[in-house]
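**Student:** Got a predicted model here, sequence first, then my questions.
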Amino acid sequence: MRYSQLLLPTLKETPAEAEVVSHKLLLRAGFIRKITSGVYSYLPLGLAAVRKVERIVREEMNNAGAQEVLLPMVQPADLWIESGRWEKYGPELLRFKDRHQRESCLGPTHEEVITDLVRREVHSYRGLPLNLYQIQTKFRDEIRPRFGLMRGREFIMKDGYSFDASEAEAGKTYETMHYAYHRIFSRCGLKFRAVEADTGTIGGSFSHEFMVLADTGEDTLVICRKCTYAANMEKATAMEPAAPSEEVALLPLAKKETPGKRKVEAVTEFLGITPRELVKTMVYLADGKPVAVLVRGDHEVQPVKLKNLLGAIDVELADDKQVFDATGVPTGYLGPVGLTIPVVADREVARMRNFVVGANEKNFHCLNANLGRDFEVERVADLRMVTAEDRCPLCGAELELTRGIEVGHIFKLGTNYSEALNARFLDNEGQERPFIMGCYGIGVSRTVAAAIEQNHDKDGIIFPLPIAPFQVVLLNLSPNDEAITAAAEGLYTALAKEGIEVLLDDRDERPGSKFKDADLIGIPYRVTVGKSFAQEGLVEIRKRATGETVSLPLAQVAAELGARIRAELA
Ligand code: ATP
Ligand code: MG
């Protein structure tokens, strides 16, 4: 491809709307353009990177025995009513009526459609196992579309769905997909980690997220420094707290004036204690209803755990007014003793003795509160975020907290959808059974953004070779010089003959801006034909990732690059 003919509108300035580096660079490098909130056009280089990821995904899915289909984007409400999700999915589901007033939605995911297809077409165990996938544009009306391709409203996803006859077979399929995902993200050239993920109210332990490791990731990962334990913060647990010591005598509950002290630090400093000796009372609204959550002073509530415990669709932290409306107490002085709204406690609180809590009265706290003696709670459960001080729940070793971007999610669904949609087959004994399902997603467009979050420097993108839009950018530094141009054109042909994907920068631009653009768009190898060719017959090869350069005679360049690229992709 010739740069002079390519729609590649690079920008010198960073657009003000972009907060994260991948968004900034995708815009600056001329890969995407926004049309409206969370909806983007892909320009040629953006699309080329997406296609690279798609190709790897396709090859690995096909290798794993999955078959590609393409399902409709417009889906009838009836199917979603049947599955129960028309009610549950919430405003992320974009709903509309057609000219006949039939309700429909734009597919945010395709469990309903695929289950409907399979219940119509597959009736016997002989048709199983079946694993179908598609690569398609999804629409989710995200509440906060942001970060460019990282969280769009319209985005490209690979979604796959498996149908098995038995739990054992479904387990095997899950493992096959787990392995395929490992292959996919390894082949994309990304540093990633598979972590245990929250399975929501569906339950079960069979869900893993594939996380690209990057400091800018929205997710926190909890990883054991010693064993294989790795989980998303939403799901991660710490080693169980020790049982409460019987020897500690319970002291009498005492009210204490703590004038103006509302925050944990202020209260503990005032009382001369540590946050580990205090219990915070946090009020959440679970589907609109207030509930108080008790956690140790130095711990934070994990809202997803709370949501799962309560079986709620949505939980959010109450603001000061909502707290006051629900309890009559100003925030900062709330405590479980005598509180009238439902109270749940983190399991760590259940082993504490003689702790400080709010007294449900402005400017007062209680000393020596004890669960069971001074107040009761409805449930005790693991409700908090793991911290770096915690220990691995499996082996007791130290934990590391790090950040990641979710690019893939695999999930054992069981019979949730097949039961709801009455999708059944006859087993080998002639018995009717619901299909056992799994689902497997990859954020294809998000993967491109995540690759950039992980691989960039101050000058621009540093694409991993397997997903780079071009493998080589060839700079002709003097398009007006006949000898240099002839050499560059000859090399362009020779590189193409080697099977290399090459972008020839044949523009009539200053060398400086050619170097800048080459760095910005992140092509793994830069080849320069310029002054040293005119003087010594040498062409420079520079590796974008390391900056290392070599100069070779023109005739050797194509073979050298061909060998390097083949070796790297092997
Ligand atoms: P998230 O927690 O980030 O919203 P999710 O759990 O809703 O993700 P899934 O329903 O599992 O995501 O979708 C499969 C994959 O699609 C995700 O792993 C992610 O890579 C991608 N994805 C989900 N939502 C978006 C989005 N708004 N923009 C881009 N990619 C997305
Ligand atoms: Mg989501």
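**Tutor:** Done, it's in. Ligands and ions are numbered 1, 2, ... in the order given.
**Student:** Near ligand 1, which residues of the stretch 51-200 of the chain? Just list them.
**Tutor:** For the stretch 51-200 of the chain, the residues in contact with ligand 1 (C-beta under 6 Å from any ligand atom) are T109, R140, E142, R151, G152, F155, M157. Bear in mind the C-beta positions are built from the backbone N, C-alpha and C, glycine included.
**Student:** So which of the residues you listed sit within strands?
**Tutor:** F155, M157 (DSSP state E).
**Student:** of the residues of the stretch 51-200 of the chain next to ligand 1, closest to G217?
**Tutor:** Set against G217, the nearest of those by C-beta to C-beta is R151 (11.9 Å).
**Student:** What is the burial count for the closest residue to K191 other than its chain neighbours?
**Tutor:** In this structure, K191 finds its nearest non-sequential neighbour in L213, 4.9 Å apart by C-beta to C-beta, 6 or more residues apart in numbering. By the measure other C-beta atoms under 10 Å, the count of residues near L213 is 18.
**Student:** again with the one 3 residues further on
**Tutor:** The burial count assigned to T216 is 18, neighbours taken as other C-beta under 10 Å.
**Student:** For it, give me its contacts.
**Tutor:** V20, V21, S22, R403, I405, E453 (C-beta atoms under 8 Å, 6 or more residues apart in numbering).
**Student:** Please indicate which of the residues you listed are buried?
**Tutor:** Neighbour counting by 16 or more other C-beta atoms under 10 Å classes V20, V21, S22, R403, I405, E453 among those as buried.
**Student:** rewinding a little: quick one: which of the residues of the stretch 51-200 of the chain next to ligand 1 is most hemmed in?
**Tutor:** Using other C-beta under 10 Å as the neighbour test, those are led by G152, with 26 neighbours.
**Student:** Hmm, that residue is touching S37, no?
**Tutor:** No. Contact criterion C-beta atoms under 8 Å: G152 and S37 do not qualify, at 9.1 Å.
**Student:** Quick check: bridge partners of the residue in the stretch 151-300 of the chain positioned nearest to ligand 1?
**Tutor:** In the stretch 151-300 of the chain, the residue that lies nearest ligand 1 is F155 (3.6 Å; C-beta to the nearest ligand atom). Legend: beta-bridge partners of F155 under DSSP bridges are K138.
**Student:** From G46, how far off is it?
**Tutor:** For F155, the distance to G46 equals 13 Å [C-beta to C-beta, to the nearest Å].
**Student:** give me the low-pLDDT residue ranges for this protein?
**Tutor:** Across the chain, the ranges flagged by pLDDT under 70 are 201-205.
**Student:** how about the residues of it that lie near ligand 1?
**Tutor:** Taking C-beta under 6 Å from any ligand atom as the contact definition, the chain meets ligand 1 at 109, 140, 142, 151-152, 155, 157, 406-409, 441, 443, 445-446.
**Student:** Swap in 8 Å and give it another go.
**Tutor:** Within reach of ligand 1 by C-beta under 8 Å from any ligand atom, the chain has these residues: 38, 108-109, 138, 140, 142, 145, 149-153, 155-157, 159, 209-210, 218-219, 405-409, 411, 441-443, 445-447, 449.
**Student:** Now restrict those residues to buried residues only.
**Tutor:** Judged by 16+ other C-beta under 10 Å, buried ones among these: 38, 108-109, 138, 140, 142, 145, 149-153, 155-157, 159, 209-210, 219, 405-409, 411, 441-443, 445-447, 449.
**Student:** Out of those, list just those in helices.
**Tutor:** S445, R446, T447, A449 (DSSP state H).
**Student:** Would you mind confirming that A450 is in contact with C188?
**Tutor:** No. Between A450 and C188 there is no contact under C-beta under 8 Å: 9.3 Å.
**Student:** higher neighbour count, those two?
**Tutor:** Here A450 and C188 are compared on neighbour count by other C-beta under 10 Å; more neighbours surround A450, at 28 against 22.
**Student:** so who does the more buried one touch?
**Tutor:** For A450, the contacting residues are S22, M150, L190, V212, A214, I405, V407, by C-beta under 8 Å, 6+ apart.
**Student:** make it 6 Å
**Tutor:** Each residue near A450 by C-beta atoms under 6 Å, 6 or more residues apart in numbering is listed here: V212, I405, V407.
**Student:** Please tell me I have it right and the second one contacts T220.
**Tutor:** Which is I405. No. Contact criterion C-beta atoms under 6 Å: I405 and T220 do not qualify, at 11.5 Å.
**Student:** Would you map the strands across the stretch 151-300 of the chain?
**Tutor:** Remark: strands assigned in the stretch 151-300 of the chain by DSSP state E, counting those that start in this stretch are 154-164, 192-196, 207-213, 219-224, 230-232, 254-257, 279-286, 289-296.
**Student:** Mark out where each domain of this structure begins and ends.
**Tutor:** Domains of the chain are assigned by automatic domain parsing as 15-189+407-453, 254-381, 470-569.
**Student:** With distance to V195 added, can I get those domains in JSON lines?
**Tutor:** Putting the domains of the chain into JSON lines (distance: least, C-beta to C-beta, whole Å) gives the following:
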{"stretch": "domain 15-189+407-453", "distance to V195": "10"}
{"stretch": "domain 254-381", "distance to V195": "14"}
{"stretch": "domain 470-569", "distance to V195": "26"}
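**Student:** A197 is nearest to which of those?
**Tutor:** Across the domains of the chain, closest to A197 is domain 15-189+407-453 (C-beta to C-beta), at 6.6 Å.
**Student:** quick one: terminal-to-terminal distance for that closest one?
**Tutor:** Counting by C-alpha to C-alpha, to the nearest Å, you get 17 Å between the two ends of domain 15-189+407-453.
**Student:** and what of stretch 344-359?
**Tutor:** Termini of stretch 344-359 sit 17 Å apart (C-alpha to C-alpha).
**Student:** if we can go back for a sec, go through the residues of the stretch 51-200 of the chain next to ligand 1 and name the one nearest D427.
**Tutor:** T109 (28.0 Å).
**Student:** ok, what's across the strand from the nearest residue to that closest one once chain neighbours are set aside?
**Tutor:** Leaving aside its chain neighbours, T109 sits nearest to D159 (6.3 Å; criterion: C-beta to C-beta, 6+ apart). For D159, the beta-bridge partners are Q134, G441 (DSSP bridges).
**Student:** Tell me if I'm right that D159 and Y440 touch.
**Tutor:** No. Applying C-beta under 6 Å, one finds D159 not in contact with Y440, separated by 7.1 Å.
**Student:** My reading is that A494 lies in a helix. Confirm?
**Tutor:** Yes. The assignment for A494 (DSSP: H, G, I helix; E, B strand; the rest coil) places it in a helix.
**Student:** is V529 in a bridge, and if so with what?
**Tutor:** N476.
**Student:** Wait, it touches T485, no?
**Tutor:** No. With contact defined as C-beta under 6 Å, V529 does not reach T485; the gap is 8.4 Å.
**Student:** For the residue nearest to P129 when sequence neighbours are not counted, the count of nearby residues, please.
**Tutor:** With C-beta to C-beta, 6+ apart as the criterion, P129 has its nearest non-adjacent residue at 4.8 Å, and that residue is D164. Using other C-beta under 10 Å, D164 is surrounded by 21 other residues.
**Student:** wouldn't D164 be in contact with F435 here?
**Tutor:** No. With contacts counted by C-beta under 6 Å, D164 stays clear of F435, the gap being 7.1 Å.
**Student:** picking up where we left off before, just the ones in strands from the buried ones among the contacts of T216, please.
**Tutor:** Filtering those for strands - DSSP E - leaves R403, I405.
**Student:** Contacts only, for the closest residue to Y133 other than its chain neighbours.
**Tutor:** Once flanking residues are discounted, Y133 sits nearest to G160: 3.3 Å by C-beta to C-beta, 6+ apart. The contact partners of G160, taken as C-beta under 6 Å, 6+ apart, are A66, Y133, Y440.
**Student:** what's the answer for H182, then?
**Tutor:** Contacts of H182 by C-beta under 6 Å, 6+ apart: none found.
**Student:** rewinding a little: and the contacts of A450 as a markdown table, adding distance to K52?
**Tutor:** Output for the contacts of A450, formatted as a markdown table (distance: C-beta to C-beta, whole Å):
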| residue | distance to K52 |
| --- | --- |
| V212 | 15 |
| I405 | 18 |
| V407 | 14 |
